[in-house]
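**Student:** Build the 3D model from these lines:
(chains A and B)
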Protein chains: 2
Amino acid sequence: MNNFELHNPTKLIFGKGQIQKLKEQLPKKAKILLVYGGGSIKKNGVYDTVKQNLSEYSFVEFGGIEPNPQFDTLMKAVSIVRTEKIDFILAVGGGSVIDGTKFIAAAANFRGNPWDILAKGTTVKSAIPFGTILTLPATGSEMNSFAVISKGNEKLAFGHPILHPQFSILDPKITFSLFDRQLNNGIVDTFVHTTEQYLTSSINTPIQDRFAEGILLTLIEEADKVMKLKDDYDSRANLMLSATMALNGFIGIGVDQDWATHQIGHELTALYGIDHARSLAVILPSLLRIQKETKKDKLVQFASRVWNIPTTDSDTMIEKAIQMTEDFFENLGVPTKLRFYKIPKQDFPKITDAINKHFSGSLGENQDLDKTRILQILEAAY
Amino acid sequence: MNNFELHNPTKLIFGKGQIQKLKEQLPKKAKILLVYGGGSIKKNGVYDTVKQNLSEYSFVEFGGIEPNPQFDTLMKAVSIVRTEKIDFILAVGGGSVIDGTKFIAAAANFRGNPWDILAKGTTVKSAIPFGTILTLPATGSEMNSFAVISKGNEKLAFGHPILHPQFSILDPKITFSLFDRQLNNGIVDTFVHTTEQYLTSSINTPIQDRFAEGILLTLIEEADKVMKLKDDYDSRANLMLSATMALNGFIGIGVDQDWATHQIGHELTALYGIDHARSLAVILPSLLRIQKETKKDKLVQFASRVWNIPTTDSDTMIEKAIQMTEDFFENLGVPTKLRFYKIPKQDFPKITDAINKHFSGSLGENQDLDKTRILQILEAAY
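**Tutor:** Have a look, this model is predicted:
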C-alpha cells in the first residue's frame, strides 16, 4: 500500500426529502449566488423547493451553465460574485454545474488572470464557500475538490482541497425525471471512475480493491432497474451513492491511479463534442487490451470477482472480462467504438498532439503510455 | 436504504514515516497538552519522534491514561488544560488514550459537572481542538467523534460531531512492537464493529454491504500474517486501515445498526474487567444465534459471501457461519465463552440490571432485545 492522506470535509446529506434541510446548512445572513444549468430544475420541482428555502436570504440567480462548462460563461458569474459581493454559492445541478461553481468560487478571489488556474495550473489560495444540490449521479464532483472546465477546443482540469463543497444534498427521487442518456452516461462514468483507481498495479490493497469491486458489482446489478424502472427509489439510491463513492477519494487511498482513459477521452470531448461518459466507454476497453500486461493481476482479479469468470489462463479471462465490460456499456445504449462517431482515422495525430499539449510526459499509472501506444489504443478503439 | 448524513472532517495521514508530518499539522504557536498511556511510546521510539516535532512548541505532558480510561484520571488532565491554558491536545496512543482525549477536550470547556456529559448525556457545545497519533489498530476512535469513559463499575459512551480529531497519523510500522493480545483484540474489535453495522436488517444497501464484507474478508485473510509475522508491513497496514474504516462512519451510512453486542459487552468489562474485544467475542456468536430469525437474510449473505459456505438451507448456513466466526476468534487466542472468565451464572441478573440502568428500553436494531432475551444470550454464551 502506498502512503496517503484522506481528508474529505464535505457533509453528505442523502435521502428522500433531504432538500428540506437546505436552509439549516446555509450560513446566516449570507448573500447567495444560486447557480444552475439549462433549466431542468424548473421542471422537476427542485427550483421551487430551493427558492422556498432561500426565502429569508438575499440571493442572485445565474442559470445557463452548459454541459462541459465554458470558461467564458463562468467568468460572467465571477463578475456577478464580485459586483454583488456574494459570500456563498449554491450549485443546483449535475457535475457541470458543480464543476463550474468550483471555478467561479476559485476565480472570484483570484488575483491575476483566472485562465492561469486552468492553463498554467496556478495554485488557488482562497475560494468563496459553496454547497450543492445534486440532480444527476455521475461525476462525483459533489464530494471532491476537482473540476474540469472547457474553452473552445480545450478541456482542462484543476483542483484544490479548499474546493470541497461544504455540503452536498442528494435526493435519489430527483433522478426520476432524468433522461435515459443521462442515466446510462452516469452509470458508465461511475464505472470508469472506479476502474481508473482499481485496474492498476497490484500492491496489496485488499480493502480498497473490495470497495471498488463493491461499486462495480452494484452498478452491474442495478443498471437494468435504473434504466427500466422510472420511479424505483432503491436502484436510484444505489446508483447515486455509487457515483459519489467512486470519486470522493475513499477507493483511491494508497493505490496507484491511472486516469489515462479520462485524459484521452477529454480530448475526444473537446475536439468532437462526444459526451464525457461516451468518450470513456470508447477508450477504456481498448486501453485495457493494450495495457493488459502491466495490469495483468488486477485484470484477472476483475474477471474473477466482478464478472464471475471461471479461472483459466489469464489471457482468456482478461479478454472475456473486457468483452463483458463492452457488452455492459453497449447494452446500456452506450457505443464502445470510435467509428460510431464518424471520426476520420487521419485525425488521430491531432488527438495525440492535443494530449501532448495538455499532459507533459506519458500517461498511465506507470507513465508508459506514450504517443505510439495511445495511437494503438485509438486504432483498437476504431 | 435509510436517509443519512456523512460528515467526517478528520484528516487521515497514513503510511511509513508519516509521523514526520506532525509539525505541519499543529496550529502555530499553540500551547499543547501531550497525552499518552502507560509509557509504551517511550520504548518504541514514538515519544522521541513526537518530542522532536514539538521542539518549537510550548507543551505539557500528561501520561498514564489507563485502558478503559477513567473519569478521575481524565479530570486531572482537564484541570491542567484549564490552568495551563492549553489550546491544542495531541493524543499519542490507542483507543483509550484517544477516547480519554475526547473527554478531556469536551470537559475542559464544559460549564457544570463534566460527569453529566456521560451520565445524563448533556450535550457538549465546544471542545479544545485535538489531533492523534494512533499506536494500536482497534477502536476506530482516530476517525470518529465517539468515546467510552469508565468510572468504577460504570462504562459510558458519549459523542458529538465537534469531537472528530483534526488529524490522525497512522504508521503501520508502529504496530510492530505490539503484543499478541493487543493485536488479536484489535482484529476482534474491528470484526465486531463491522458486524454491528452489517448483520442487521436487509434494506437494499449493496454498496455498504460490500464495503463491510471487504473489511471482514480482509481481516480473515490477514489475521494469520498479522499474528505470525512481526514485521510484515502490508498485513499491519491492511489491519490498521480495516480498523479505521470499520468505525469512521463509511459502512454505517443508510443501514440499520445493532450495537447490542457492545452494550452487553461494556457491562462485562465494567463489572469484571474483561478486555473490551474479549467481551465482544463472548457475546457476538450467542447474540447472532438468539437473533437469527430477525437477522436471517444478512446471516445467510454473511455465510455465503464472507465464509464462502455453499448454499443449502438457511439454518445450516447460519449455524456454520457463526461456528466459523467462533473458530476464527478462538484460533486467534480469544475465548468465546463466558465460563472462561469464571463469572458465576447467578450474576446474570446483575448484568441485565446494569444494562437496564444504562440503556432505556430494549436493545438491537429492532429494539427487541429485552431482559429475557439478553438472559438467553448470556446463557448461550456460558
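
**Student:** buried set for the strand or helix carrying residue A:328?
**Tutor:** Using DSSP states H and E, residue A:328 falls within helix A:314-332. The neighbour-count criterion (16 or more other CB atoms under 10 Å in any protein chain shown) identifies A:317-319, A:321-322, A:324-326, A:328-329, A:332 as the buried residues of helix A:314-332. From N, CA and C alone the C-beta is placed, and that goes for glycine too.

**Student:** now those residues in TSV, with distance to chain B and pLDDT?
**Tutor:** Conversion of the buried residues of helix A:314-332 to TSV gives the following (distance: CB to the nearest CB, whole Å; pLDDT from 0 to 100):
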residue	distance to chain B	pLDDT
A:317	20	98
A:318	23	98
A:319	26	98
A:321	18	98
A:322	22	98
A:324	19	98
A:325	19	98
A:326	23	98
A:328	17	98
A:329	20	98
A:332	18	98
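
**Student:** quick revisit: could you name the helices and strands sitting against the helix holding residue A:328?
**Tutor:** helix A:180-198, helix A:206-228, helix A:276-290, helix A:296-301 (3 or more CB pairs under 8 Å, 6 or more residues apart in numbering or on different chains; DSSP states H and E).

**Student:** Mind checking what helix or strand follows that helix in sequence?
**Tutor:** Tracing the chain past helix A:314-332, the next element assigned as helix or strand by DSSP H and E is helix A:348-358.

**Student:** buried stuff in that next one?
**Tutor:** Of all the residues in helix A:348-358, those buried under the rule 16+ other CB under 10 Å are A:348, A:351-352, A:354-356, A:358.

**Student:** least confident pick among these?
**Tutor:** Here the lowest pLDDT out of those sits on residue A:358, with 90.

**Student:** In this structure that residue contacts residue A:150, no?
**Tutor:** No: taking CB atoms under 8 Å as the contact criterion, residue A:358 and residue A:150 are not neighbours in contact, 12.0 Å apart.

**Student:** quick one: common contacting residues for those two?
**Tutor:** When contacts are counted by CB atoms under 8 Å, 6 or more residues apart in numbering or on different chains, residue A:358 and residue A:150 are jointly contacted by residue A:156.

**Student:** From the rest of the structure, what touches the longest strand that chain A contains?
**Tutor:** Of all the elements of type strand in chain A, the one with the most residues (DSSP state E) is strand A:4-14. Counting by CB under 8 Å, 6+ apart, the neighbours of strand A:4-14 from elsewhere in the structure are A:21, A:25, A:142-144, A:161, A:164-171, A:237, A:240-241, A:244, A:248-250, A:253-254, B:3-15, B:253-254.

**Student:** Between helix A:206-228 and that strand, find me the angle.
**Tutor:** For strand A:4-14 against helix A:206-228, the angle between stretch directions is 30 degrees (axes from the mean of the first three to the mean of the last three CA atoms, to 10 degrees).

**Student:** and strand A:4-14, which strands flank it?
**Tutor:** Using DSSP bridges, the strands paired with strand A:4-14 are strand A:167-170 (parallel), strand B:4-14 (antiparallel).

**Student:** What residues does the stretch 101-250 of chain A have near chain B?
**Tutor:** Applying CB under 8 Å from any CB of the partner chain, we find that the stretch 101-250 of chain A lies next to chain B at A:204-207, A:209-211, A:213-215, A:217-218, A:221-222, A:234, A:237-238, A:241-242, A:245, A:250.

**Student:** could you flag which of the residues you listed are buried?
**Tutor:** Looking at those with 16+ other CB under 10 Å, the buried ones turn out to be A:205-207, A:209-211, A:213-215, A:217-218, A:222, A:234, A:237-238, A:241-242, A:245, A:250.

**Student:** so what pLDDT did the closest residue in space to residue A:136 that isn't next to it in sequence get?
**Tutor:** Once flanking residues are discounted, residue A:136 sits nearest to residue A:94: 3.2 Å by CB to CB, 6 or more residues apart in numbering or on different chains. We note a pLDDT of 97 for residue A:94 in this prediction.

**Student:** Residue A:47 versus residue A:135, what's the distance?
**Tutor:** Relative to residue A:47, residue A:135 is positioned 10 Å away (criterion: CB to CB, to the nearest Å).

**Student:** Residue A:158 now?
**Tutor:** When CB to CB is the yardstick, residue A:158 and residue A:47 sit 29 Å from each other.

**Student:** When the two are compared, which one has more neighbours?
**Tutor:** More neighbours surround residue A:158 than the other of residue A:158 and residue A:47, with 21 against 18 (other CB atoms under 10 Å in any protein chain shown).

**Student:** in the sheet, who's paired with that one?
**Tutor:** Residues found in beta-bridge contact with residue A:158 (criterion: DSSP bridges) are residue A:147.

**Student:** Helix, strand, or coil at residue A:137?
**Tutor:** In the three-state summary, residue A:137 is assigned as coil, counting by DSSP: H, G, I helix; E, B strand; the rest coil.

**Student:** Spell out which residues sit in contact with it, please.
**Tutor:** With CB under 8 Å, 6+ apart as the criterion, the residues that contact residue A:137 are A:170, A:175, A:186, A:190, A:236, A:239-240, A:242-244.

**Student:** I am finished for the moment; much appreciated.
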